[in-house]
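Asker: Give me coordinates for this.
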Amino acid sequence: MTRPLNRDRSLEELERARWPAPSADDTRLVATAHALRRQPIGELAVEDMRLLIGQNIGLPYLLPLALEVLRDNPMAEGDMYEGDLLSAVLTRNPSVWAEFSELGRELRVIVSKLTGLPPDLQQRVERFLGAVTLTGRVG
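Answerer: Numbers count the residues shown, from 1 in each chain. Have a look, this model is predicted:
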């Protein structure tokens with residue numbers, strides 16, 4: 001079950017959890033993730049969603065937003081490569097799709113229509129489809 005999306009609120013507000021400030025020793029990735037958690041989710045760019053989803057941050061709020069983007073443009077890209085948002089979404093743990101089965105079904109529909117994918121992305125699609133089929137949790 002997905003939560004209602006209030007796009008004017010940040011992940012910190014939606015999750016009611018403020019993370020401590022990153023330390024000087026933390027990586028740029030950590031500092032960026034912390035900063036993005038304070039932005040309204042409606043202002044997050046594809047790259048921001050890719051980064052946060054890839055780190056399993058804010059999935060109940062960001063997966064529905066990502067699927068909105070992927071519905072219109074399955075090959076949407078952040079700063080890495082064409083289809084990097086799709087790759088981030090596809091590579092979440094299969095247990096995520098058990099928890100958000102409606103989103104998993106929608107993602108299955110999106111990827112089943114894709115053809116001519118680069119080999120790496122095609123493998124991720126096949127792993128996703130195999131995982132959701134084998135678990136019986138989505139599909």
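
Asker: Point me to the residue sitting farthest from the middle of the chain.
Answerer: The outermost residue of the chain relative to its centre, with distances by Cα atoms, centre = their mean, is residue 24 at 27.4 Å.

Asker: Next one: it relative to residue 37, how far apart?
Answerer: 19 Å (Cβ to Cβ, to the nearest Å). Just so you know, the C-beta spots here come from the backbone N, C-alpha and C atoms, and that holds for glycine as well.

Asker: and the top helix by length along the chain, average pLDDT?
Answerer: Identified as the longest helix of the chain according to DSSP state H is helix 119-135. Average pLDDT, helix 119-135: 85.

Asker: what's in contact with that helix?
Answerer: Contact with helix 119-135 is made by 83, 86-87, 90-91, 94, 97-98, 104, 107-108, 111-112, 114, 117, 138-139, as judged by Cβ atoms under 8 Å, 6 or more residues apart in numbering.

Asker: in it, what's buried?
Answerer: Judged by neighbour count (16 or more other Cβ atoms under 10 Å), helix 119-135 contains these buried residues: 121, 124, 125, 128, 129, 131, 132.

Asker: Alpha carbons of that helix, in PDB - could you do that?
Answerer: The C-alpha trace of helix 119-135 is given here as PDB (Å, rounded to 0.1, in the frame of the first residue of the first chain):
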ATOM      1  CA  PRO A 119      22.200  -5.600 -22.300                       C
ATOM      2  CA  ASP A 120      22.800  -4.500 -18.700                       C
ATOM      3  CA  LEU A 121      19.400  -2.900 -18.300                       C
ATOM      4  CA  GLN A 122      17.700  -5.900 -20.100                       C
ATOM      5  CA  GLN A 123      19.400  -8.200 -17.500                       C
ATOM      6  CA  ARG A 124      18.000  -6.000 -14.700                       C
ATOM      7  CA  VAL A 125      14.500  -6.200 -16.200                       C
ATOM      8  CA  GLU A 126      14.700 -10.000 -16.500                       C
ATOM      9  CA  ARG A 127      15.900 -10.300 -12.900                       C
ATOM     10  CA  PHE A 128      13.100  -8.100 -11.700                       C
ATOM     11  CA  LEU A 129      10.500 -10.100 -13.700                       C
ATOM     12  CA  GLY A 130      12.000 -13.400 -12.400                       C
ATOM     13  CA  ALA A 131      12.100 -12.300  -8.800                       C
ATOM     14  CA  VAL A 132       8.500 -11.000  -8.800                       C
ATOM     15  CA  THR A 133       7.300 -14.100 -10.600                       C
ATOM     16  CA  LEU A 134       9.200 -16.600  -8.400                       C
ATOM     17  CA  THR A 135       8.000 -15.000  -5.200                       C
END
